[in-house]
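S.K.: I would like to see how this sequence folds:
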Amino acid sequence: MTQLMVGSEGTLGIVTKAILRLIPMPAKRGVMQVFFRSLDDGCAAVHTMLQRNIVPSAAELIDDVSLDAVARQKKKPFDPEAKACLILEIDGPDEASLKLQSDAIGQVVAEHQAVSFRVAQSQAETDELWAIRRGLSSAVAATAPNRLGEDISVPRDAFPEAVRRLKEISRRKGLPIAVFGHAGDGNLHPSVLCDLSDPAQEKLAHEVVGEIFDAALAVGGTLSGEHGIGITKKPYIYKALGEAGVAALKAVKQALDPKGILNPGKIW
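M.R.: Here you go, the predicted structure:
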């Protein structure tokens, strides 16, 4: 029942109690910031790490549109060669373990033409390196009157292809898409930057959103990694699951909520 309820967005039942398992905090943590000449290089570097069984506890990929937004907000430009950024966090039992991991990561990013590779040497530097990601959402939102922030998830090995498809949609449709996300688990947050007060641009922006979902499904991904289906993604659920998949979920809904009183109007 746990797996059935998780992700059902209140449409199948009400959770009254949750039992959680805690795991120990890592003894040591390390943070790295890498700039690349292209988004493709950044994606390829993450892919190579995973192939070599180098699995950071966090791997945040940030594109050039997002970097420009952060630079404008901070009034401090990045290296003009830097067109993508990767922020990595590693953990382990001791400093020796961190050094082995950071050396391995350094080797990988060098193979993928990194512009720079920096390892935080203190908590202050750690905070500084993470600052780009933490201020990203507000910085991107400030670059346009409206931002349609989406959330898709793709298989980890399809991450580079998914990013390429998103950038191609942006070029073809003529609307900026800021792309950032959790490269380690395939969760992407493409943000369509637009002006919804312009009817033509509003129509175009919603077309772009539909193509973003199509791109995710085309590489074996899903409509959502974190944010859920809710209302906005309802029109795409048949495309994602097919008639048989939707029929199965509707049967579960009918069995658990025959009167349709649980979160009515959402998803179904």
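S.K.: residue ranges for the strands of the protein, please.
M.R.: If DSSP state E is used as the criterion, the strands of the chain fall at 28-36, 58-63, 84-92, 114-119, 146-149, 152-153, 177-182, 187-194.
S.K.: let's have those in CSV, adding mean pLDDT.
M.R.: Putting the strands of the chain into CSV (pLDDT from 0 to 100) gives the following:
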stretch, mean pLDDT
strand 28-36, 96
strand 58-63, 93
strand 84-92, 95
strand 114-119, 95
strand 146-149, 94
strand 152-153, 94
strand 177-182, 93
strand 187-194, 94
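S.K.: could I get the ones you listed as JSON lines with distance to residue 16?
M.R.: Glycine gets a C-beta too; all of them are placed from N, C-alpha and C. Output for these, formatted as JSON lines (distance: least, CB to CB, whole Å):
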{"stretch": "strand 28-36", "distance to residue 16": "35"}
{"stretch": "strand 58-63", "distance to residue 16": "32"}
{"stretch": "strand 84-92", "distance to residue 16": "34"}
{"stretch": "strand 114-119", "distance to residue 16": "46"}
{"stretch": "strand 146-149", "distance to residue 16": "31"}
{"stretch": "strand 152-153", "distance to residue 16": "28"}
{"stretch": "strand 177-182", "distance to residue 16": "30"}
{"stretch": "strand 187-194", "distance to residue 16": "29"}
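S.K.: was I right to think residue 158 contacts residue 186?
M.R.: Yes - applying CB atoms under 8 Å as the test, residue 158 and residue 186 come out as touching, 7.2 Å apart.
S.K.: could you name every residue contacting both of these two?
M.R.: Residues touching both residue 158 and residue 186 (CB atoms under 8 Å, 6 or more residues apart in numbering): residue 221.
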